[in-house]
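J.: Starting from these lines, generate the structure:
(one chain, ligands or ions: 2)
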Amino acid sequence: MADSAQAQKLVYLVTGGCGFLGEHVVRMLLQREPRLRELRIFDLHLGPWLEELKTGPVQVTAIQGDVTQAHEVAAAVAGAHVVIHTAGLVDVFGRASPETIHEVNVQGTQNVIEACVQAGTQFLVYTSSMEVVGPNIKGHPFYRGNEDTPYEAIHRHPYPCSKALAERLVLEANGRKVRGGLPLVTCALRPTGIYGEGHQIMRDFYHQGLRLGGRLFRAVPASVEHGRVYVGNVAWMHVLVARELEQRAALMGGQVYFCYDKSPYKSYEDFNMEFLGPCGLRLVGTRPLLPYWLLVFLAALNALLQWLLRPLLLYAPLLNPYTLAVANTTFTVSTNKAQRHFGYEPLFSWEDSRTRTIRWVQAMEGSVQ
Ligand SMILES: NC(=O)c1ccc[n+]([C@@H]2O[C@H](COP(=O)([O-])OP(=O)(O)OC[C@H]3O[C@@H](n4cnc5c(N)ncnc54)[C@H](O)[C@@H]3O)[C@@H](O)[C@H]2O)c1
Ligand SMILES: C[C@@H](CO)CCC[C@@H](C)[C@H]1CC[C@H]2[C@@H]3[C@H](O)C=C4C[C@@H](O)CC[C@]4(C)[C@H]3CC[C@]12C
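T.: Ligands and ions are numbered 1, 2, ... in the order given. Predicted structure coming up:
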């Protein structure tokens, strides 16, 4: 008992800790980081599920705050040993303005970096995204690439632009002296499309399928591969990186790592059917039912309607020119950098990841099961 009390000395802060990924990171830290004394969870919106965490041996501190407010971030970071910065505005549907996306994702990240420097916090893990690399605006495929694969990363959409800028800030901050004179050690994790319990877009597809009488209609060719990774494995990578950053600062500082596991390479829609199929949905068509030019036209129409209706209401359907381009461009990773640098192995097998996700869909309100 005395040993474990002595070992529990670290204070972690997770920004965005109430989001889809953030909640998994929080729960994973509590399960798998024995050195934790206090876990601070910082988010714009705090979830009620946090209450159940407060009865355990680790002090759980919920902080309602906004990453764009430097003083709120500074107060949350003060005294923390490690910051895991997952907070972000994930918007590829035109819900938020480009300015707001920039403010949250870029200025928010700058605030986190400055807070670490001022507070003397030495370890910062940033949740980046595959979109920092691609797909690019030219629609070039990225086929089973790794962190060193040459690729023309050019973006126009506010979300990938903001993630790329924020990632650069984090990597450039590696080595800066924090209060007390020690160097800041940073790194960035780049998940591909995350899936698993709590995934809002999976929920949207499921409900859309139910509304369409248990059917979804194929829009993307089955040959287009889209990288996916299970949320539990992404969370586990964050926990491992945070743990190893101190011991392997010279190797890991300033590095980027794609998040990967054993999830199969498939098209976005075929991959979703791995979970939605067993829950009673059917994907109609072995080839896209509509020609590509018509989808491009519908996506452009949606963008126009969004613009026209903006003064009256928010029209933000799943299909727009950007989401169509992403879904239609092969982007998959094949790498072992995380295994080589910090011993990462996926914690959840593909079978486990699939079963857990199916159970979650089945438990959803309105489920056909
Ligand atoms: N979902 C994916 O497929 C995916 C893939 C790659 C990278 N990412 C990255 O992972 C991170 C988490 O994404 P997610 O899918 O869990 O999204 P999410 O929207 O579920 O979670 C983001 C969290 O950040 C919080 N947040 C937003 N603005 C904030 C602000 N101004 N101040 C404080 N908190 C704020 C939100 O309240 C939310 O809880 C993001 O940085 C995202 O860019 C996500
Ligand atoms: C053409 C439609 C017919 O069914 C399908 C549209 C699917 C899109 C809504 C999604 C296809 C690829 C997704 C993105 C990808 O998985 C990676 C992402 C990175 C991450 O940082 C944020 C989420 C996302 C942009 C994700 C969003 C939804 C898609 C564009």
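J.: only C-alpha atoms for contact and neighbour calcs from this point on.
T.: Noted.
J.: Measure how buried the closest residue to ligand 2 within the stretch 1-150 of the chain is and give me the count.
T.: Nearest residue of the stretch 1-150 of the chain to ligand 2 (C-alpha to the nearest ligand atom) works out as residue 129 at 4.6 Å. Using other C-alpha atoms under 10 Å, residue 129 has 23 other residues around it.
J.: Do I have it right that it meets residue 190?
T.: Yes: using C-alpha atoms under 8 Å, residue 129 makes contact with residue 190 at a distance of 4.1 Å.
J.: other SSEs contacting the lengthiest helix in the chain?
T.: Ranked by number of residues, the top helix in the chain under DSSP state H is helix 292-309. Counting contacts by 3 or more C-alpha pairs under 8 Å, 6 or more residues apart in numbering; DSSP states H and E, helix 292-309 is packed against helix 321-327.
J.: any bit of the helix it packs on sitting next to ligand 2?
T.: Yes: against ligand 2, helix 321-327 shows contacts by C-alpha under 6 Å from any ligand atom at 323, 324, 326, 327.
J.: does any part of the longest helix of the chain sit near ligand 2?
T.: No: Helix 292-309 lies out of reach of ligand 2 by C-alpha under 6 Å from any ligand atom, never closer than 7.7 Å.
J.: what sits up against that helix?
T.: The contact list for helix 292-309, computed with C-alpha atoms under 8 Å, 6 or more residues apart in numbering, reads 219, 314, 315, 316, 317, 319, 320, 321, 324.
J.: what's the answer for stretch 170-189, then?
T.: Outside stretch 170-189, the residues that touch it by C-alpha under 8 Å, 6+ apart are 109-110, 113, 116-129, 167, 238, 245-246, 249, 252-259.
J.: Now, the residues you listed that are in strands?
T.: Residues of the contacts of stretch 170-189 located in strands (DSSP state E): 123, 124, 125, 126, 127, 255, 256, 257, 258, 259.
J.: Just among these, which is most surrounded?
T.: Most neighbours among these, by other C-alpha under 10 Å: residue 259, with 34 neighbours.
J.: ok, the nearest residue to that one once chain neighbours are set aside - how many residues close by?
T.: Of all residues not flanking residue 259 in the chain, residue 191 sits nearest, at 4.5 Å (C-alpha to C-alpha, 6 or more residues apart in numbering). Neighbours of residue 191 under the rule other C-alpha under 10 Å: 24.
J.: Kindly report the same for the one 10 residues further on.
T.: Using other C-alpha under 10 Å, residue 201 is surrounded by 11 other residues.
J.: Tell me the secondary structure at it.
T.: Classification of residue 201 by DSSP: H, G, I helix; E, B strand; the rest coil places it in helix.
J.: Could I get the contacting residues of it?
T.: Residue 201 neighbours (C-alpha under 8 Å, 6+ apart): none.
J.: how close does whichever residue of the stretch 251-369 of the chain sits closest to ligand 1 sit to ligand 2?
T.: Among all residues of the stretch 251-369 of the chain, residue 259 sits closest to ligand 1, at 8.8 Å; criterion: C-alpha to the nearest ligand atom. With distances taken as C-alpha to the nearest ligand atom, to the nearest Å, residue 259 is found 12 Å from ligand 2.
J.: Next one, pLDDT for that residue please.
T.: On pLDDT, residue 259 comes in at 98.
J.: ok, back up a step: look up phi and psi at the residue nearest to residue 259.
T.: For residue 191, the backbone dihedrals (degrees, to the nearest 10) come out as phi -70, psi 150.
J.: I'd say it and residue 133 touch.
T.: No: at 11.1 Å, residue 191 and residue 133 do not qualify as touching, with contact defined as C-alpha under 8 Å.
J.: model confidence over stretch 59-75, on average?
T.: Averaged across stretch 59-75, pLDDT comes to 98.
J.: How about it and ligand 1, any contact?
T.: Yes: counting by C-alpha under 6 Å from any ligand atom, ligand 1 is contacted by stretch 59-75 at 65, 66, 67, 68.
J.: Among the residues you listed, which one is most surrounded by other residues?
T.: Among the residues of stretch 59-75 next to ligand 1, the one with the most neighbours (other C-alpha under 10 Å) is residue 67, at 27 neighbours.
J.: now that residue, nearest residue through space, not along the chain?
T.: Here the residue nearest residue 67, using C-alpha to C-alpha, 6+ apart, is residue 108, at 4.6 Å.
J.: pretty sure the one you found contacts residue 65?
T.: No: Residue 108 is beyond contact range of residue 65, at 11.3 Å (criterion: C-alpha under 8 Å).
J.: Point out where the stretch 1-150 of the chain drops to low pLDDT.
T.: Of all residues in the stretch 1-150 of the chain, those with pLDDT under 70 make up the ranges 1-7.
J.: And the helices in it, which stretches?
T.: Counting by DSSP state H, counting those that start in this stretch, residue ranges of the helices within the stretch 1-150 of the chain are 2-7, 20-32, 50-53, 70-77, 98-102, 108-119.
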